[in-house]
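1. Give me the fold of what follows.
(chains A, B, C and D, ligands or ions: 2)
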Amino acid sequence: METIDKIQQDIIEDFSMYEDWADKYEYIIEMGKTLAPLEEKYKTEDYRIHGCQSQVWLHADFDGKNIHFHADSDAFITKGLIALLVKVLSGHAPKAIIDIDLYFLSEIGLKEHLSPTRANGLASMVKQMKTYALAYQTKQVS
Amino acid sequence: METIDKIQQDIIEDFSMYEDWADKYEYIIEMGKTLAPLEEKYKTEDYRIHGCQSQVWLHADFDGKNIHFHADSDAFITKGLIALLVKVLSGHAPKAIIDIDLYFLSEIGLKEHLSPTRANGLASMVKQMKTYALAYQTKQVS
Amino acid sequence: MVNTNINMVPTTFDITAIREQFPILKTTIHGKPIVYLDNAASTQKPLRVMEATTKYYSEQYANIHRGVHTLSQIGTELYENTRLHAQQFLHARSEKEIIFTKGTTHGINLIAYSYAYQYLKSGDEIILSEMEHHSNIVPWQILQARHGFDIKVIPLQDNGTIEIEDFASLLTEKTKLVSISYISNALGTVNPIREIIQLAHENGTHVLVDAAQAVHHIPIDVQALDVDFLVCSGHKMYGPTGTGILYGKESLLEALPPFEGGGDMIKQVSFKKTTFNDLPFKFEAGTPNIAGIVALDEAFKFLDAVGFEQLVQHDQEILSYATEKLLSIDGMRIIGTAPEKVGVVSFLLGNLHPYDVGVILDNLGIAIRTGHHCTQPIMDRFGIPGTCRASFGIYTTKEEIDSLYNGLLRAKKMLS
Amino acid sequence: MVNTNINMVPTTFDITAIREQFPILKTTIHGKPIVYLDNAASTQKPLRVMEATTKYYSEQYANIHRGVHTLSQIGTELYENTRLHAQQFLHARSEKEIIFTKGTTHGINLIAYSYAYQYLKSGDEIILSEMEHHSNIVPWQILQARHGFDIKVIPLQDNGTIEIEDFASLLTEKTKLVSISYISNALGTVNPIREIIQLAHENGTHVLVDAAQAVHHIPIDVQALDVDFLVCSGHKMYGPTGTGILYGKESLLEALPPFEGGGDMIKQVSFKKTTFNDLPFKFEAGTPNIAGIVALDEAFKFLDAVGFEQLVQHDQEILSYATEKLLSIDGMRIIGTAPEKVGVVSFLLGNLHPYDVGVILDNLGIAIRTGHHCTQPIMDRFGIPGTCRASFGIYTTKEEIDSLYNGLLRAKKMLS
Ligand SMILES: Cc1ncc(COP(=O)(O)O)c(C=O)c1O
Ligand SMILES: Cc1ncc(COP(=O)(O)O)c(C=O)c1O
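-> Ligands and ions are numbered 1, 2, ... in the order given. Have a look, this model is predicted:
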């Protein structure tokens, strides 16, 4: 598994090739298409992330060491955003996820999307993933 | 009895001598002091004119031909204002009072005080006096 | 469609001159010239509205009613002047019938609280429609929980209209009030308000009209309509935020208890006995949004200067053009196809999520609204999560509709 | 008198620089330079407040929450930014505890309606004081008529203070709520809020503080005070009209039902079941006064830049100077002589009617307020019809107090 840092660097590098907003969005949309399908049973209110205008569902497995995220959305762009986060955070230890500074979001021009007032829900997604990490960390310790 | 028109002209002439706002107010205040005392029984809620920050009481007698106004106020300036109106309107027939255009108020610089939004209540005073005239006119006719 | 005030027809409609008055139309979004198509959410403001605010604060400001000093008196006069203008604009009988509010929502809540307390009890009924804005649903639900009346709902047809017969069949001897929008913000539908009011009155039922989407689109004569209560928002009619008007028939407003208590709405206060002020002040508690109301007058002046003949004609022209243009896109589905509509087009583009479409358009400088538009029951009725909504203003041009059209083609391409 | 925020002390207090920021101070009234001494009714606005309004409408305006397009997102951010600033200004624990209102009156009504519905029934008691503004009396009377609770009143002493023992003796097991002003608008008295809150809490009683006259005079830390609810108005703290803040402890706000219903305060709406939004939105129904709230941030910035050290010191200096100067006039009677006061001086000049005095001063360019100041119970308590009230702001100079003094001598001469 690559380090979180390395994954962020890779994404930044990918994005650096695009000048145009449209190319960036197409990359994000493509990203969404690479997400593994989410089992239907997780597409329920319990797994829904609020604060996005579209629906986003997030589920997290824990293998005792690392957390594996699974997600889906009914909108392409939202799905791409959550896919980016899954790519960066999935497969890492709770502590690493809790501590992470997601600097790649600023670097690829999504910094302002991180504001909790934005309708895209990016801030809620990050928060939800960190909440899972916190929960699993507690589990691990106890 | 002088005509209403003549009285208005006289007041305009009096005022024309004053350049200063203070002289004008002193004239108004002096005017108030010339008002015949109002009997205490008329200084009640029933005779009060609303819409002034100070209290103003107005009573009107009818001798079958003309209306005679009697008024008082607990503030000097208000008392002066009502005194001006009494001077102009008292002793005239209901119809004359109803029809009157009180142009002297504009001429002596009190035009804006006539706005119903003003706290001095000048508009309410005029209205109340015309209401009396209307009431006595009806009485006369019937 | 609507009868317009023929006294105010300017000879020609110069949209360039109109656009000149709106500073924001010269700005860019993401580096592209702004195409503002979110007018049903709120309209932009002409310069005169901003200038009035600044002038008022720079030269004339003070708190109003009952002040003896000059600034307070000037402020009171300006404030009351807007009231007279509003009276004239809505053709109310008296300025006592014009209450200033914070907006449509505040106006509906005011009536809902006062009316429900005074008149509604268990067993009584009120009627709403399925196309109401949440602001004309939730207040009634909150008060229903307290007073126990029933809420009946006029159903929506497939084209986004209501049937007058459906309404008639809901009217019973228990029906105390109908509260309904003049024009739907999500669908653009113009409701048959005249007939609704007539039928309601024949039944002894009061009518509250939510005119938030109507006041700047069609001329309103509250006396001709014989409406009992009517509410609207300043910010949707080219005026400032935080302002609104509630019209009510004088006798009805007299009969209602006050809503909020506080400064200005009283005659006499003591801990033993408090008496309330006369109309309209009885319903205006506390220091109002003075600067907002003063500036609202400029919105009326702007609308007067344009005139409803022009407002209606331009709106219909843009609406037809936009409808035709959008329908030429493959997979376009317009939600709300009433024969009588104003310049609001809600749509879905194939299976695309409105959010995705909205984001792509935004990157092209085009502002539309996406989502449920505070009308979830409409979305439920049509079984959709939301729509894209383009809504037009007096400054909207055909070129902007072309931009929207091209933007949608682009979005379609990017998203599939 | 009050502990100030030592982080914000500017090195020198340059009143000329401050006055420069207020365009209205350069105007004249009746041809004389304006002397604005009606700050307790409302303060003037610094240029930055007006500029923010114009900038917002010219470059950034759209309706806010839930919009995907850029302008809507910018607006939301600016609006929420003011909330964060308000949170910081009042030292609230969370921005969820900051509700935007139309003003103090609206904030009190909001709590009164929600609290009374939830908690107050026949047999319960609430406590007010005799010095309350009508806005903190009438809402409770309106709701008393509906819910049947009792209102107890802390009596006023001759010097315009209340005795903590009087308050303590009114507290019973039936006392659910105390609603009291931090500072009296008519008398300037600073109430012992800390002790009141402490005693109330020991009794299991909630406390609502009307801080309309406090927020711009003394630093407020809602957590240190442990106050349950606190309300204030933007227009009295150098900000725009039509804006206000309601602070409430999160747990208490969570427990209260919403007041107004409408857009933005819901999570899900259907005719079967509606759920409400999270704090703070649950209490903000409808399109807010967006431009007002955006500009309110500038008022906070202005106050931050001056700093409370300066605000308090300047206010006390002017208050002492004015008190001394006025008392040197024969026949001067000051109403409200509490040891702890802010810059408000209510007075009567011999037997002169306040109205007469106010009119003469106005003709000299001096704006004071005359009348009952929305506190009729105070006037009844002192057996007077009203007072003249001079109230000071951060821009008030000693020269202006001298003008007031000279004006009063002139009035006295003219009126006797
Ligand atoms: C102590 C106090 N409470 C309440 C109010 C009412 O504030 P507003 O009119 O801004 O709602 C005022 C303002 O006059 C006040 O001074
Ligand atoms: C039909 C309708 N009713 C009510 C409202 C609520 O208006 P406001 O948010 O100005 O209170 C709106 C605005 O979205 C509307 O379109």
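2. Secondary structure of C:Ala295: a helix, I assume?
-> Yes - counting by DSSP: H, G, I helix; E, B strand; the rest coil, C:Ala295 is located in a helix.
3. so who does it touch?
-> Neighbouring residues of C:Ala295 by CB atoms under 8 Å, 6 or more residues apart in numbering or on different chains: C:Val49, C:Met50, C:Ala52, C:Thr53, C:Tyr56, C:Gly239, C:Pro240, C:Thr243. (Glycine included, C-beta is placed from N, CA and C.)
4. I figured C:Glu163 hits C:Gln157, correct?
-> Yes - at 6.3 Å, C:Glu163 counts as touching C:Gln157 under the criterion of CB atoms under 8 Å.
5. Can you tell me the closest non-neighbouring residue to the residue in chain A positioned nearest to chain D?
-> Nearest residue of chain A to chain D, counting by CB to the nearest CB: A:Thr117, 4.4 Å away. Excluding the flanking residues, the one nearest A:Thr117 by CB to CB, 6 or more residues apart in numbering or on different chains is D:Thr76, at 4.4 Å.
6. My read is that that neighbour contacts D:Val68, right?
-> No - in this structure D:Thr76 lies outside contact range of D:Val68 using CB under 8 Å: 10.7 Å.
7. Of these two, which one has the most company?
-> Under the criterion of other CB atoms under 10 Å in any protein chain shown, the comparison of D:Thr76 against D:Val68 puts D:Val68 first, with 27 against 22.
8. which SSE is that one in?
-> Using DSSP states H and E, D:Val68 sits within no helix or strand.
9. The one 4 residues further on now?
-> Here D:Ser72, judged by DSSP H and E, is contained in helix D:70-90.
10. May I have the strands that pair with the helix or strand just after that helix, each with its orientation?
-> As assigned by DSSP H and E, the chain's next helix or strand after helix D:70-90 is strand D:98-101. Using DSSP bridges, the strands paired with strand D:98-101 are strand D:244-248 (antiparallel).
11. just checking, next helix/strand downstream of the strand it pairs with?
-> helix D:250-255.
12. got the buried residues for that next one?
-> For helix D:250-255, a neighbour-count test (16 or more other CB atoms under 10 Å in any protein chain shown) marks D:Leu252, D:Leu253 as buried.
13. ok, stretch C:377-390 near chain D or not?
-> Yes - on the criterion CB under 8 Å from any CB of the partner chain, stretch C:377-390 is in touch with chain D at C:Pro377, C:Asp380.
14. Give me the contact status of that stretch with ligand 2.
-> No - no part of stretch C:377-390 sits near ligand 2 under the criterion CB under 6 Å from any ligand atom; the closest distance found is 10.8 Å.
15. tell me how far the ends of that stretch are from each other?
-> 20 Å (CA to CA, to the nearest Å).
16. buried stuff in it?
-> Neighbour-count burial for stretch C:377-390, with 16+ other CB under 10 Å as criterion, is recorded at C:Pro377, C:Ile378, C:Met379, C:Asp380, C:Arg381, C:Phe382, C:Pro385, C:Gly386, C:Thr387, C:Cys388, C:Arg389, C:Ala390.
17. Identify those among those residues that sit within strands.
-> Judged by DSSP state E, the buried residues of stretch C:377-390 include C:Thr387, C:Cys388, C:Arg389, C:Ala390 as members of strands.
18. and the closest residue to chain B within chain A, how many residues sit next to it?
-> Chain B sits closest to A:Thr117 of chain A, with a gap of 41.4 Å, by CB to the nearest CB. For A:Thr117, the count of nearby residues is 20 (other CB under 10 Å).
19. follow-up on the earlier one: and the residue of chain A closest to chain D, what element?
-> Using DSSP H and E, A:Thr117 sits within no helix or strand.
20. My guess is it contacts D:Gln73. True?
-> Yes - at 7.0 Å, A:Thr117 counts as touching D:Gln73 under the criterion of CB under 8 Å.
21. Next step: the contacts of C:Ala295 restricted to strands.
-> Among the contacts of C:Ala295, none falls in strands (DSSP E).
22. nearest to ligand 1, of those?
-> Closest approach between the contacts of C:Ala295 and ligand 1, by CB to the nearest ligand atom: C:Thr243, at 15.7 Å.
23. ok, so what distance separates the closest one from C:Ile196?
-> 27 Å (CB to CB, to the nearest Å).
24. same thing with C:Asn289?
-> Relative to C:Ile196, C:Asn289 is positioned 31 Å away (CB to CB).
25. which one of those two has more residues nearby?
-> The residue with more neighbours, out of C:Asn289 and C:Ile196, is C:Asn289; 30 against 26, by other CB under 10 Å.
26. The more buried one and D:Thr241 touch, don't they?
-> Yes - using CB under 8 Å, C:Asn289 makes contact with D:Thr241 at a distance of 5.0 Å.
27. Now the common contact residues for those two.
-> When contacts are counted by CB under 8 Å, 6+ apart, C:Asn289 and D:Thr241 have D:Gly292 as shared neighbours.
28. Of all the helix elements in chain A, which one is longest?
-> Counting by DSSP state H, the longest helix found in chain A is helix A:122-141.
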